[in-house]
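In: This is a predicted model, with the sequence first.
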Amino acid sequence: MSTSVTLITQNEQMRSILNMLGRIIDSDGSVLLIGETGVGKEIFADYIHKTSNRSLMPFMKIGLSALPIELMESELFGHEKGSYTGAINQKKGLFELANKGSLFLDDIDDVPLNIQAKLLRVLESREFMRIGGTVPIPIDVRLISASKVSLKDLVDKGQFRRDLYYRINVIPVEIPALRDRKDDIVLLAEHFIHRYAPEREIKISEQAAGALVSYPWPGNIRELRNVIQRTVIFCNGEINIENLPPEISNLHSLNTVVKACLNCWLKNGMSYTQIVQCLENTLIKEALQKTDGNQSEAARVLGLSLSTFRDKMKKSTPGSDPNGNQCCEKP
Ligand SMILES: Nc1ncnc2c1ncn2[C@@H]1O[C@H](COP(=O)(O)OP(=O)(O)OP(=O)(O)O)[C@@H](O)[C@H]1O
Ligand SMILES: [Mg+2]
């Protein structure tokens, strides 16, 4: 069975990853996908299987986090009837079920060292035995693994076998976080609007698009998908800034605070007053930017009266570091 996978992107880095994959797609080399949560590791695995010459053969997947060791072993390699208490029937493992196709090992970083040793043996000998079995079964499987953390770091810490790392990492693919490919944010948002409200014409206002692009998306594309799914229910014809969840529309977000002082404070060891000045300057500037210079609107989003807002604007001075160098502008 082969259904197509919709992998949306216009980002140059993503495109070069896809180009690279296009060149090695039929090579059978093991692929290691690394990326934060929600970044698209599974959709990449689907894409790799479905565009390869194995696409008509089985594609098996297993999430290896939080699986007890015995279960992990029997899921991967299967078992013979009676091989342990509870093994009432013979069971084929995923390596066997994925024969001639692909096998996706998600969260490979959670595999304990003893199973890592077994995996390595299987990958090197290209055959395995079911638990309790005596007959080696040859494998012809393309392996795709995924990890949220750098496996190289785990290798350096002794938590992941170096030899296995080299085996599964023939084709490394680092999927960038959504905040590092901001040009995909609105494109993906429009894709999800179309998916969740196919019969409606919903636009994204410029201000809402700005907020979506500035937000750091710790949950990456999954988070964006969920936000759009919820937002389309409550908006009419256009997604406005008020329709977005507070952590995205909110100008007081931690993100703004951190951004405000990161440059000067961390580098120059500024005083409390200087940091507060920088923070005020940045908040006012951001509010004005997001409201196209409309002071009443900017005051409203900051929760200030117009007169207080104007007063703060008038009194604000450029932030300066302890040596008197200007570090952030007057709004
Ligand atoms: N480029 C993309 N185009 C369209 N949809 C995408 C894209 N990337 C991810 N998605 C969608 O975002 C959601 C999360 O992606 P996926 O499950 O592949 O992430 P993941 O990296 O495996 O996350 P986790 O580490 O939490 O398992 C899915 O619904 C997926 O279809
Ligand atoms: Mg996943």
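Out: Sure, I can see it. Numbers count the residues shown, from 1 in each chain. Ligands and ions are numbered 1, 2, ... in the order given.
In: how about the helices in the stretch 1-150 of the chain?
Out: 12-24, 41-51, 69-77, 94-97, 113-125 (DSSP state H, counting those that start in this stretch).
In: Oh, that last question was meant for the stretch 151-300 of the chain, not what I typed.
Out: Under DSSP H, counting those that start in this stretch, the stretch 151-300 of the chain gives helices at 151-156, 162-168, 185-196, 206-214, 220-234, 246-249, 254-261, 267-268, 272-290, 295-302.
In: among those, which is nearest Val31?
Out: helix 162-168 (8.3 Å; C-beta to C-beta). Quick note: C-beta positions are derived from backbone N, CA and C, even for glycine.
In: Any buried residues in that closest one, and which?
Out: Neighbour-count burial for helix 162-168 flags 164-165, 167-168 (criterion: 16 or more other C-beta atoms under 10 Å).
In: Of all the helices of the stretch 1-150 of the chain, which one comes closest to ligand 2?
Out: Shortest distance between ligand 2 and the helices of the stretch 1-150 of the chain, using C-beta to the ion, is found for helix 41-51: 3.9 Å.
In: Show me what the closest one is packed against.
Out: Judged by 3 or more C-beta pairs under 8 Å, 6 or more residues apart in numbering; DSSP states H and E, the packing partners of helix 41-51 are helix 12-24, strand 31-34, strand 59-63, strand 102-106, strand 142-147.
In: Would you reformat the buried residues of helix 162-168 as a markdown table and include distance to Ile185?
Out: A markdown table is the format used below for these (distance: C-beta to C-beta, whole Å):
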| residue | distance to Ile185 |
| --- | --- |
| Leu164 | 36 |
| Tyr165 | 33 |
| Arg167 | 36 |
| Ile168 | 31 |
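In: ok, of the helices of the stretch 1-150 of the chain, where does mean pLDDT dip lowest?
Out: Of all the helices of the stretch 1-150 of the chain, mean pLDDT reaches its minimum on helix 69-77 (a mean of 91).
In: Could you tell me how far that helix lies from the centre of the chain?
Out: In terms of C-alpha atoms, centre = their mean, to the nearest Å, the centre of helix 69-77 is set 27 Å apart from its chain centre.
In: now the angle between strand 59-63 and that helix, please.
Out: Compare the direction of helix 69-77 with that of strand 59-63 by axes from the mean of the first three to the mean of the last three C-alpha atoms, to 10 degrees and you get 170 degrees.
In: which of the residues in helix 69-77 are buried?
Out: Buried residues in helix 69-77, counted by 16+ other C-beta under 10 Å: 72-77.
In: and it, what other elements does it pack with?
Out: With contacts defined as 3+ C-beta pairs under 8 Å, 6+ apart, the packing partners of helix 69-77 are helix 94-97, helix 113-125.
In: residues near whichever residue of the stretch 51-200 of the chain sits closest to ligand 1, how many?
Out: Residue of the stretch 51-200 of the chain nearest ligand 1, by C-beta to the nearest ligand atom: Lys148 (5.3 Å). A count of nearby residues for Lys148, using other C-beta atoms under 10 Å, gives 18.
In: Next one: it relative to Leu32, how far apart?
Out: 12 Å (C-beta to C-beta, to the nearest Å).
In: from memory Ala177 sits against Thr37, does it?
Out: No - under the criterion of C-beta atoms under 8 Å, Ala177 makes no contact with Thr37, lying 9.6 Å away.
In: and the two? which has more neighbours close in?
Out: Ala177 (17 against 13).
In: ok, and the closest non-adjacent residue to the more buried one?
Out: Spatial nearest neighbour of Ala177, chain neighbours left out: Glu36 (5.1 Å); criterion: C-beta to C-beta, 6 or more residues apart in numbering.
In: Could you do Glu42 as well?
Out: Closest residue to Glu42 apart from its sequence neighbours, by C-beta to C-beta, 6+ apart: Asp106 at 6.8 Å.
In: Contact partners for that neighbour?
Out: Asp106 is in contact with 41-42, 45, 61-65, 145-146, counting by C-beta atoms under 8 Å, 6 or more residues apart in numbering.
In: Looking at the residues you listed, which gets the smallest pLDDT?
Out: Lowest pLDDT among the contacts of Asp106: Ser65, 92.
In: What separation is there between that one and Lys148?
Out: With the distance defined as C-beta to C-beta, Ser65 ends up 9 Å from Lys148.
In: Common neighbours of these two, please.
Out: Residues touching both Ser65 and Lys148 (C-beta under 8 Å, 6+ apart): Asp107.
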